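Asks: Predicted model and sequence follow; I will ask about them next.
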2 protein chains.
Amino acid sequence: MRVEILCTGDEILTGKTINTNYSHMARRLGDAGLDVHWGTTVGDDRATLLAAFKQAGARADAVIVNGGLGPTVDDLSQELAAEACGVELVLNEYWMTRMTESYARRGRVMPANNRKQAMLPANAEFIDNPIGTACGFAVTIGKARFLFTPGVPREMRRMLDEQVIPRLLKLGGITGITRLKRFHSFGIGESRADEMLAGIPGLAIDGDIKLGFQAHFPQLETKLAIRGADETDLNMRLAPVEAEVRKRLGNFVVAEDNQSLEGVVLARLKETDQTLAIGETATGGIVAARIAPLSGAETVFTQGTIAKEVSAEALRKASGAGIALAVDTKLDEGADRPDFSATIIIGIADAKGTVTRQARLVGGRDWVRTGAAELGLDCLRRHLLGLPVDERIDFERS
Amino acid sequence: MRVEILCTGDEILTGKTINTNYSHMARRLGDAGLDVHWGTTVGDDRATLLAAFKQAGARADAVIVNGGLGPTVDDLSQELAAEACGVELVLNEYWMTRMTESYARRGRVMPANNRKQAMLPANAEFIDNPIGTACGFAVTIGKARFLFTPGVPREMRRMLDEQVIPRLLKLGGITGITRLKRFHSFGIGESRADEMLAGIPGLAIDGDIKLGFQAHFPQLETKLAIRGADETDLNMRLAPVEAEVRKRLGNFVVAEDNQSLEGVVLARLKETDQTLAIGETATGGIVAARIAPLSGAETVFTQGTIAKEVSAEALRKASGAGIALAVDTKLDEGADRPDFSATIIIGIADAKGTVTRQARLVGGRDWVRTGAAELGLDCLRRHLLGLPVDERIDFERS
């Protein structure tokens, strides 16, 4: 099935807003086994929108349109969809009532121009939006089914998952359910991870369980996408593959699914009822800034220090914390360049003594700092979980 | 003139990479007075690429193609451009020599597959790339001039400014030169800034000097775009408007053009030969992390502290720094929500005593933290420049 994404709006067209809606939609569709073939961006302009609808309708089987459902005059999606279909706009009484009630519940009167958001093409299929005033809808233009979605990211994301993807799967005759299992690792690059996972039965780019990677330095995300008849079928097929991936990536897996490295560290500190102090040099606060915003961090992370020299033992003594993490980043001399390097010395002090780890990281000033922060948090994770802190990572230079 | 942007590559199409090249190109073109009318995204697929070239060639006057100029088999731009033009690919001897010499200078032999990057359509106009192996080129397909640019952001950006935009201006019969003057402010929203600048002769969205805003919380960027016959003409017309904008935005302007707030603060500390200590609470290191990475910060920023309580006076004494900035962020209780608030208490201690500023910020946990860090740095800037630190800002809730 040929799926296209059509993004509308002057803010996106002119580059004022970076089009993260597009990348989110394309990724989610890909994860669900629906590949996007074409992306179009047009502004809030009648002639251009109409041309874009007609051209996409001639090429695709399904088109997701994003944006243009708001209450103002430059929101043109419903109107142009009706024009492309050769039908009138008709008031959707159900949505009008829902909007009116929603305003009433908050003790407000609905502004008159919101009525526009309940005017849908006469032939439209209504698509619910439980968290906003822009409902979605679907019509057929040319040979393609068009699904219209709101531009507000939070509303789009929910409608995409709950309403759009199920409709597209049905349209493409794709049955069953999907799941995406994610592993977040630190210290291995995409090609090395690919090698480590080679030969697992059923797991491949085009396998029964679809393998994918997404690198966002310093972490690598390994994705297993699976489609099955039902939950039992999915669990049965995924469980052994998931276990094998976890085993092969081993200590490099810092978190899974919606977990984060800093979240895993904080959870472990809470479980073992320990307080933490963090000392850092050239990272200048970025290690602390990873932990501090987390929910409940204030009871665990008691003291942070940024200075020219840090020592885990001294920091532990001075702060009274149960465990102290020192991330000492010594930047090389000279101007920034792609092979700019630094020496990182990690120290972790607790009641039992001090563990250290030293590494040379390479990749420019910003990369080296980001990598140093990640290395520090990962060493702490490893230490808290009883894993070795000195496994060599791919970003190291000997 | 109708300009389109055509982005190619599976990484962009599938959403794996967020398309920041598109937004950069569209913004730069807009700043130069060239409006983008249509954006297309397609993958590394022959049939789709060819269709996209032909459709854009039927609609536009000029098309910027981005990506697909690399040395590997999935880079198809030159080949499909030749096919769309009905011509052969021909070796560009000049570029082949340039690439070979570039490798030789680094003591390396050019890999054989780089030859592909010197194969251009027989009718192509060569476009130089002084910093990479992917040269650009231009051909005519349908009624549009197509300009091909590399996908590597740094190479694309330079080619866009130095080669592509001048060619498009010539193509559109647009003469003269352009300049973009930028003011970065903190504390005023887009609509308030718009009001503050109302009525300046020549300055408007469609004026002689084009006014534009770009909000990236917590800062607002105010842009003045001007086109003129030559430098003298530009300077003469821009100078009075620029001075008036600076005067009206007043103390809210934290930096201009390529300056940053933290850079202005650091420069002022260096000028006055002062060292700085930073203390913070719930911002957890993000104030320090704004200053620490700057070139030369290590001689100025001598001590950072993250703790439950901070006091500028105590910090100044303990650290021995000439000036101490304390940013104390007291988050409200409860779950995160759009109107989540915090009380921010800024203290600045130097030899003369202590200055304080208190504010209630609203906008969710992340926003409140980011805003607190900005407020702290801005108060320090104001204090160092002898400006009032207590001017009310738009993000404050009384």
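Replies: Received the coordinates, thanks. Predicted, not measured: the structure shown is a model, and the values here were computed from it.

Asks: so how far does stretch A:154-170 reach from one end to the other?
Replies: 24 Å (C-alpha to C-alpha, to the nearest Å).

Asks: Distance from the chain centre to it, please.
Replies: Relative to the mean C-alpha coordinate of its chain, stretch A:154-170 is positioned 16 Å out (C-alpha atoms, centre = their mean, to the nearest Å).

Asks: quick one: is that stretch near chain B?
Replies: No: using C-beta under 8 Å from any C-beta of the partner chain, we find that stretch A:154-170 stays clear of chain B, coming within 10.5 Å at best. Quick note: C-beta positions are derived from backbone N, CA and C, even for glycine.

Asks: Which residues outside that stretch are in contact with it?
Replies: Outside stretch A:154-170, the residues within contact range by C-beta atoms under 8 Å, 6 or more residues apart in numbering or on different chains are A:1, A:3, A:21, A:24-25, A:28-29, A:32-34, A:62, A:64, A:66, A:127-132, A:134, A:136, A:138, A:145, A:147, A:149-150, A:175.

Asks: and chain B, which of those reach it?
Replies: Within these, those near chain B by C-beta under 8 Å from any C-beta are A:24-25, A:28.

Asks: Emit the PyMOL select command for whichever of the contacts of stretch A:154-170 are buried.
Replies: Command for PyMOL that selects the buried part of the contacts of stretch A:154-170, burial taken from 16 or more other C-beta atoms under 10 Å in any protein chain shown:
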select buried, chain A and resi 3+21+24+25+28+29+32+33+34+62+64+66+127+129+132+134+136+138+145+147+149+150
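
Asks: Mind checking which of the contacts of stretch A:154-170 are in helices?
Replies: Of those, the ones assigned to helices by DSSP state H are A:21, A:24-25, A:28-29.

Asks: quick one on the thing from earlier: so which of the ones next to chain B among the contacts of stretch A:154-170 is the closest to A:Ala289?
Replies: Nearest to A:Ala289 among those: A:His24, at 25.1 Å, using C-beta to C-beta.

Asks: what residues are up against that closest one?
Replies: A:His24 sits in contact with A:153, A:156-157, A:160, B:15, where contact means C-beta under 8 Å, 6+ apart.

Asks: Ok, A:Gln214 next?
Replies: By C-beta under 8 Å, 6+ apart, the contact list for A:Gln214 reads A:220-221, A:223, B:16.

Asks: Can you say which of those are buried?
Replies: A:220-221, A:223, B:16.

Asks: Among those residues, pick out the one closest to A:Gly212, please.
Replies: A:Lys223 (4.3 Å).

Asks: residues in the stretch 101-250 of chain A within reach of chain B, list them.
Replies: Near chain B, when you scan the stretch 101-250 of chain A using C-beta under 8 Å from any C-beta, you find A:Gln214.

Asks: To which secondary structure element is A:Cys7 assigned?
Replies: Using DSSP states H and E, A:Cys7 maps to strand A:3-8.

Asks: Direction included, what does that strand pair against?
Replies: strand A:36-42 (parallel), strand A:62-66 (parallel) (DSSP bridges).

Asks: Determine which stretch of these is the most buried.
Replies: Of the strands paired with strand A:3-8, the one with the most neighbours on average (mean count of other C-beta atoms under 10 Å in any protein chain shown) is strand A:62-66, at a mean of 27.

Asks: how far out from the middle of the chain is that one?
Replies: Using C-alpha atoms, centre = their mean, the offset of strand A:62-66 from its chain centre is 21 Å.

Asks: Need the residues that contact the following helix or strand past it.
Replies: Moving toward the C-terminus from strand A:62-66, the next helix or strand (DSSP H and E) is helix A:77-85. By C-beta under 8 Å, 6+ apart, the list of residues contacting helix A:77-85 from outside reads A:8, A:46, A:49-50, A:53-54, A:57, A:65, A:67-69, A:88-89, A:116, A:119-124, A:137, A:139-141, A:146, A:148.

Asks: In contact with A:Val241, which residues?
Replies: A:200-203, A:209, A:224.

Asks: scratch that, A:Ala342 is what I was asking about
Replies: Contacts of A:Ala342 by C-beta under 8 Å, 6+ apart are A:282, A:329-332, A:360-361, A:368-369, A:372.

Asks: For A:Leu266, give its distance to B:Thr97.
Replies: From A:Leu266 over to B:Thr97 the distance is 57 Å, taken as C-beta to C-beta, to the nearest Å.

Asks: Looking at those two, which one has more neighbours?
Replies: Taking other C-beta atoms under 10 Å in any protein chain shown, A:Leu266 and B:Thr97 do not tie; A:Leu266 has more neighbours (22 against 11).

Asks: my guess is A:Ala60 meets A:Arg2, correct?
Replies: Yes: between A:Ala60 and A:Arg2 there is a contact under C-beta atoms under 8 Å: 4.7 Å.

Asks: which residues do the two both contact?
Replies: Joint contacts of A:Ala60 and A:Arg2 (C-beta under 8 Å, 6+ apart) are A:37-38.

Asks: Who has more neighbours out of those two?
Replies: A:Ala60 (24 against 17).

Asks: All the helices of chain A, residue numbers only.
Replies: A:10-13, A:20-31, A:46-59, A:77-85, A:93-105, A:153-159, A:165-171, A:190-196, A:231-249, A:261-271, A:288-291, A:312-319, A:365-384.

Asks: out of those helices, deepest packed?
Replies: The highest average neighbour count among these, using mean count of other C-beta under 10 Å, belongs to helix A:288-291 at a mean of 26.

Asks: could you check the distance from A:Ala342 over to A:Gly322?
Replies: 29 Å.

Asks: same deal with A:Glu298?
Replies: A:Glu298 is 15 Å from A:Gly322, by C-beta to C-beta.

Asks: Compare those two and say which is more crowded by neighbours.
Replies: With neighbours defined as other C-beta under 10 Å, A:Glu298 and A:Gly322 compare such that A:Gly322 has more, 18 against 14.

Asks: hang on, isn't the more buried one packed against A:Lys270?
Replies: No: the criterion here is C-beta under 8 Å, and A:Gly322 misses it with A:Lys270 at 11.7 Å.

Asks: CA-only coordinates of stretch A:339-355, as CSV, when you get a sec.
Replies: Extracted C-alpha coordinates of stretch A:339-355, given in CSV (Å, rounded to 0.1, in the frame of the first residue of the first chain):
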residue,chain,number,x,y,z
ASP,A,339,38.8,14.5,16.2
PHE,A,340,39.0,16.7,19.3
SER,A,341,39.6,14.5,22.3
ALA,A,342,39.5,14.4,26.1
THR,A,343,40.6,12.2,28.9
ILE,A,344,37.7,11.2,31.2
ILE,A,345,38.3,10.0,34.7
ILE,A,346,35.3,8.6,36.5
GLY,A,347,35.4,8.0,40.2
ILE,A,348,32.6,6.3,42.3
ALA,A,349,33.0,6.4,46.1
ASP,A,350,30.8,4.6,48.5
ALA,A,351,31.1,3.0,51.9
LYS,A,352,33.2,0.1,50.4
GLY,A,353,35.7,2.3,48.8
THR,A,354,36.4,3.9,45.4
VAL,A,355,36.1,2.5,41.9
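
Asks: just to revisit the earlier point, of the ones in helices among the contacts of stretch A:154-170, which is the nearest to A:Ser260?
Replies: Using C-beta to C-beta, the ones in helices among the contacts of stretch A:154-170 come closest to A:Ser260 at A:His24, 18.7 Å.
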